[in-house]
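Participant: below are the sequence and a predicted model for it; my questions follow.
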Amino acid sequence: KIGLVKEDQPIFAHEIILTEGDVIALVIAKSSISAKLLASRVNVEYEKLEPLTDPLKSLDANFPLVHPETGTNLINRHFAKKGDIHKGFENSDYILEQTYKTQLVEHAYIEPECVTAIPEDSNRQIRIIGSIQNPHSARRIVAKVLGWQLNRVRIIQAELGGSFGGKDDSMVILSARAAVAALKIGKPVRIKLNREDSVIESYKRHPYIMKYKVGFNRDGKIVAMGINVLADGGAYASMSPFVTWRTVVQATGPYEIENVETEVKAVYTNNPYTGAFRGFGSPQPIFAQESIMDEIALRLNIDPIKIRLLNGLKTGSITATGQKLENHDINLEKVILEAADKTNFTERWKKLNLENEGIAEVLLSKQKTLTENFSIDNILLNLNREELHLRRGIGLACSFRGCSLGAEGIDAAAAYVSLQADGSVYILSGLAENGQGLKTTFSIITAEVFGINPKSVIYLDQDTGFISDSGPTVASRSTLMGGAAIKNGAEIIKNRLINLTKETFNLTDEIKLKFTKNKVVTDSHLKEIISFPELCQLANQKGVCLSEIGWYKSPKTNWDEEEGRGDAYFTYVYGCQVAEVSVNLLTGEIYVDKITAVHDPGKVINKMGAEGQVYGGVTQGAGYGIFEEISTNKGNIRDKNFDQIIIPTSKDIGEINPIFIEGQDPNGPWGAKSLGEPTLELTAAAIANAVKNATGIRYFELPLNIEEIYLGKKLSPESLRRGSV
């Protein structure tokens with residue numbers, strides 16, 4: 001059994017099947033047709049057991065244990081405590097309680113999983129090539145499965161056709177299966193999943209059930225917040241302990257609240273297992289907390305902007321985990337005001353509230369009628385012409401996000417920089433290029449240090465045999481951690497070149513040198529001393545070392561599990577998104593007209609890459625908000641291909657306007673921080689608030705799909721048959 005956190009998942013299931021995606025055998029053949037034919041001849045005898053599919057019942061004594069050896073269906077529990085929540089509620093003028101739910105979601109990367117395992121050195125070594133998100137994690141697990149030392153396993157990353165956190169432990173397990181098979185027959189083995197196997201075997205985003213109790217005063221100040229979150233971890237722990245830890249740190253949102261109690265539990269069920277997904281425990285509570293903030297604003301007749309600014313984190317604020325925010329720009333107020341200004345938010349929000357007054361009663365009446373007597377004729381008869389036009393709405397959501405791994409574990413990264421005699425450069429990072437633009441950004445960082453064109457930099461293929469383990473490529477940490485390691489390595493070489501230049505040309509220490517436009521100049525008069533290629537050639541002739549391993553270790557963080565307190569992350573980023581939507585009352589469709597996304601990523605190094613992160617993250621976030629859901633029946637997945645897994649295309653999202661507020665930070669390369677995940681985590685919440693503005697109805701469960709808007713409830717057919725079968 002293996003696992004990145006808890007070792008509870010078998011490479012090949014035996015004795016018991018815990019979830020539909022369990023693999024019990026691997027058939028090896030020379031072609032996929034032969035393999036399928038052979039597989040059809042395998043007979044398996046099953047004894048049917050009643051599955052545990054309701055996470056709310058998983059901790060009841062009457063229900064079976066998914067992993068009996070653990071003695072409980074509890075995967076993990078995290079909590080945070082600040083102040084006295086009981087006194088906080090006693091001192092509140094109002095108390096608001098709500099329950100919010102989020103859904104099971106597929107990563108939906110276009111390229112399914114594929115690995116090739118090649119035995120080498122008379123079966124003493126194994127080389128694995130595949131679309132693997134975290135090569136060093138794969139190496140560690142494969143070595144454990146084989147009982148080998150790490151240096152006998154070599155993982156080479158192929159280009160990824162999408163991941164979003166989804167090709168971590170699933171690819172690790174696939175790599176181990178391929179390795180076992182290749183060593184059994186002494187020949188290369190390739191495993192390539194088709195779409196349906198990919199959907200069945202891979203982990204999903206955690207569904208959450210979130211109960212919020214909030215105490216606040218007449219002026220809008222939040223006095224107390226109690227939060228209880230239950231996450232469905234499915235059959236295996238996967239990354240649930242880390243996903244839910246981030247939730248407990250950020251569940252109160254970017255607000256300073258005097259009294260807080262948060263408890264987050266992840267539990268085992270026989271549902272598809274859940275793990276890392278872009279946002280990693282943030283999109284779920286942001287949907288809840290930002291809905292709550294709007295409800296407080298409406299109840300007190302206060303502008304949603306003012307309610308957030310009143311409670312928002314500022315320099316010196318104390319977070320829900322007891323951390324004092326300092327040593328970086330706390331740009332929450334800036335991103336909120338910028339988003340409000342660019343969208344004329346307050347004026348439009350108030351205007352649309354008035355225009356849409358009374359729509360809720362019409363829609364609720366329609367939902368009741370249709371639910372009681374659902375037919376096409378009934379729909380047509382109960383719609384009048386006044387209801388056919390679109391209702392428009394505007395809403396916002398804001399967040400803060402801890403950068404990198406934080407107190408989850410050791411946070412450090414390595415990078416290899418090798419300057420050639422002609423001034424060109426090789427670089428390689430211990431972090432992986434998963435399509436997020438790491439290669440481009442790291443090339444820009446290298447070029448900036450040496451004053452050369454990024455086209456002169458070549459990024460080497462990720463290979464565990466060439467670079468140190470730098471932890472997983474998760475938590476939007478590539479630019480912050482890997483970029484800093486690249487910069488550190490390049491600057492060590494640059495300092496050697498500076499010393500060589502001064503020594504060669506008899507320059508005093510007072511003269512400062514600058515590397516720019518492929519040459520070395522004096523910083524004061526920009527007088528050229530030597531061209532960069534000539535300097536590299538000179539260094540090569542003089543025996544100066546032009547290669548270096550750069551290393552970057554994050555500042556210290558801490559977490560007290562027993563107290564539920566600590567400095568969880570060494571720095572944070574802030575964001576605010578405004579959604580403008582149109583809701584079709586005839587069909588229940590939500591049209592995303594425009595998203596204005598204002599983010600503080602620290603220093604923006606790769607402008608086009610940063611904008612690309614916003615476009616992609618917002619589109620994924622909109623899918624999470626209004627389209628995407630994996631439905632199950634007795635733990636079995638209904639939606640096994642893209643004929644029923646609905647994901648947004650470019651035509652489903654209107655204008656996306658990225659805006660960056662570049663805060664100052666002492667960490668990372670020139671203060672660059674994180675952006676990839678914050679761009680996704682806000683969108684669904686902003687859309688939900690915009691739908692409330694348009695319809696007058698608050699929805700408490702994602703996704704806000706057609707049935708939810710039109711009927712007020714989800715529709716899930718009991719049949720497991722798909723339209724394409």
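Facilitator: Okay, I see it.
Participant: quick one: list the elements packing against the biggest helix by length in the chain.
Facilitator: Ranked by residue count, the top helix of the chain under DSSP state H comes out as helix 483-504. On a contact count with 3 or more Cβ pairs under 8 Å, 6 or more residues apart in numbering; DSSP states H and E, helix 483-504 meets strand 412-419, strand 425-429, helix 438-450, strand 513-516, strand 528-531, helix 532-542, strand 547-553. The C-beta positions use only the backbone N, C-alpha and C, and glycine is treated the same way.
Participant: tell me the secondary structure at the residue nearest to Asn91 when sequence neighbours are not counted.
Facilitator: Nearest non-adjacent residue to Asn91, counting by Cβ to Cβ, 6 or more residues apart in numbering: Val223, 5.7 Å away. Reduced to three states with DSSP: H, G, I helix; E, B strand; the rest coil, the structure at Val223 is strand.
Participant: quick one: neighbours of Val223, just the number.
Facilitator: 22 (other Cβ atoms under 10 Å).
Participant: can you list the weak-confidence ranges in the stretch 251-400 of the chain?
Facilitator: 366-388 (pLDDT under 70).
Participant: tell me which of the helices and strands packed on helix 483-504 sits most buried.
Facilitator: strand 412-419 (a mean of 24; mean count of other Cβ atoms under 10 Å).
Participant: paired strands for that one, with orientation please.
Facilitator: strand 425-429 (antiparallel), strand 547-553 (antiparallel) (DSSP bridges).
Participant: what residues sit buried inside the longest helix of the chain?
Facilitator: 483-494, 496-498, 500-501 (16 or more other Cβ atoms under 10 Å).
Participant: not counting sequence-adjacent ones, nearest residue to the residue nearest the centre of the chain?
Facilitator: Residue closest to the average C-alpha location in the chain (Cα atoms, centre = their mean): Arg278, at 1.8 Å. Of all residues not flanking Arg278 in the chain, Phe164 sits nearest, at 4.5 Å (Cβ to Cβ, 6+ apart).
Participant: who touches that neighbour in this structure?
Facilitator: 107, 109, 277-278, 620 (Cβ atoms under 8 Å, 6 or more residues apart in numbering).
Participant: pLDDT-wise, which helix or strand of this structure ranks last?
Facilitator: In the chain, the helix or strand scored least confidently by mean pLDDT, DSSP states H and E is helix 376-381, which has a mean of 46.
Participant: now the closest residue in space to Leu526 that isn't next to it in sequence: how far from Thr70?
Facilitator: Leaving aside its sequence neighbours, Leu526 sits nearest to Lys514 (Cβ to Cβ, 6+ apart; 7.3 Å). In this view, Lys514 and Thr70 are 60 Å apart by Cβ to Cβ, to the nearest Å.
Participant: thinking again about what came up before, distance to Asn518 and mean pLDDT added to the strands paired with strand 412-419, as CSV?
Facilitator: Shown next, in CSV, are the strands paired with strand 412-419 (distance: least, Cβ to Cβ, whole Å; pLDDT from 0 to 100):
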stretch, distance to Asn518, mean pLDDT
strand 425-429, 12, 96
strand 547-553, 20, 95
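Participant: quick one: closest of the ones you listed to Lys6.
Facilitator: Proximity to Lys6 (Cβ to Cβ) singles out strand 547-553 among the strands paired with strand 412-419, at 26.2 Å.
Participant: off-centre distance for the closest one?
Facilitator: The chain centre lies 27 Å from the centre of strand 547-553; the measure is Cα atoms, centre = their mean, to the nearest Å.
Participant: name the residues that touch it?
Facilitator: Applying Cβ under 8 Å, 6+ apart, the set of residues contacting strand 547-553 is 411-419, 468, 481-482, 484-490, 492-493.
Participant: one more pass at 6 Å, please.
Facilitator: Residues outside strand 547-553 that contact it (Cβ atoms under 6 Å, 6 or more residues apart in numbering): 412-418, 481, 484-486, 488-489, 492-493.
Participant: right, and the helix or strand after that strand?
Facilitator: Counting by DSSP states H and E, the element after strand 547-553 in chain order, helix or strand, is strand 572-584.
Participant: what comes up buried for the helix or strand following that following strand?
Facilitator: Using DSSP H and E, the next helix or strand after strand 572-584 towards the C-terminus is strand 590-600. Residues 590, 592-593, 595-600 are the ones in strand 590-600 that count as buried (16+ other Cβ under 10 Å).
Participant: one more: stretch 148-164?
Facilitator: 148, 153-157, 160, 163-164.
Participant: could I get those in a markdown table, plus columns for pLDDT, secondary structure and distance to Asn606?
Facilitator: Shown next, in a markdown table, are these (pLDDT from 0 to 100; DSSP: H, G, I helix; E, B strand; the rest coil; distance: Cβ to Cβ, whole Å):
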| residue | pLDDT | secondary structure | distance to Asn606 |
| --- | --- | --- | --- |
| Trp148 | 97 | coil | 38 |
| Val153 | 97 | strand | 33 |
| Arg154 | 97 | strand | 30 |
| Ile155 | 96 | strand | 26 |
| Ile156 | 96 | strand | 25 |
| Gln157 | 94 | strand | 20 |
| Leu160 | 89 | coil | 18 |
| Ser163 | 92 | coil | 19 |
| Phe164 | 93 | coil | 19 |
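Participant: closest to Met171 out of these?
Facilitator: Relative to Met171, the closest of the buried residues of stretch 148-164 is Ser163; by Cβ to Cβ it sits at 8.7 Å.
Participant: quick check: Lys314 vs Ile458, distance?
Facilitator: 45 Å.
Participant: show me the shaky parts of the protein.
Facilitator: For the chain (pLDDT under 70), the answer is 366-388, 716-725.
Participant: residue contacts, Ser291?
Facilitator: Here Ser291 is in contact with Ala688 (Cβ under 6 Å, 6+ apart).
Participant: the helix or strand containing it to strand 572-584, inter-axis angle?
Facilitator: Element membership for Ser291 (DSSP H and E) is helix 283-300. Orientation of helix 283-300 against strand 572-584 (axes from the mean of the first three to the mean of the last three Cα atoms, to 10 degrees) gives an angle of 70 degrees.
Participant: helices of the stretch 51-200 of the chain, start to end?
Facilitator: 85-90, 135-146, 169-185, 195-201 (DSSP state H, counting those that start in this stretch).
Participant: turn those into CSV, including distance to Ser424.
Facilitator: Listed next are the helices of the stretch 51-200 of the chain as CSV, based on distance: least, Cβ to Cβ, whole Å:
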stretch, distance to Ser424
helix 85-90, 60
helix 135-146, 25
helix 169-185, 33
helix 195-201, 39
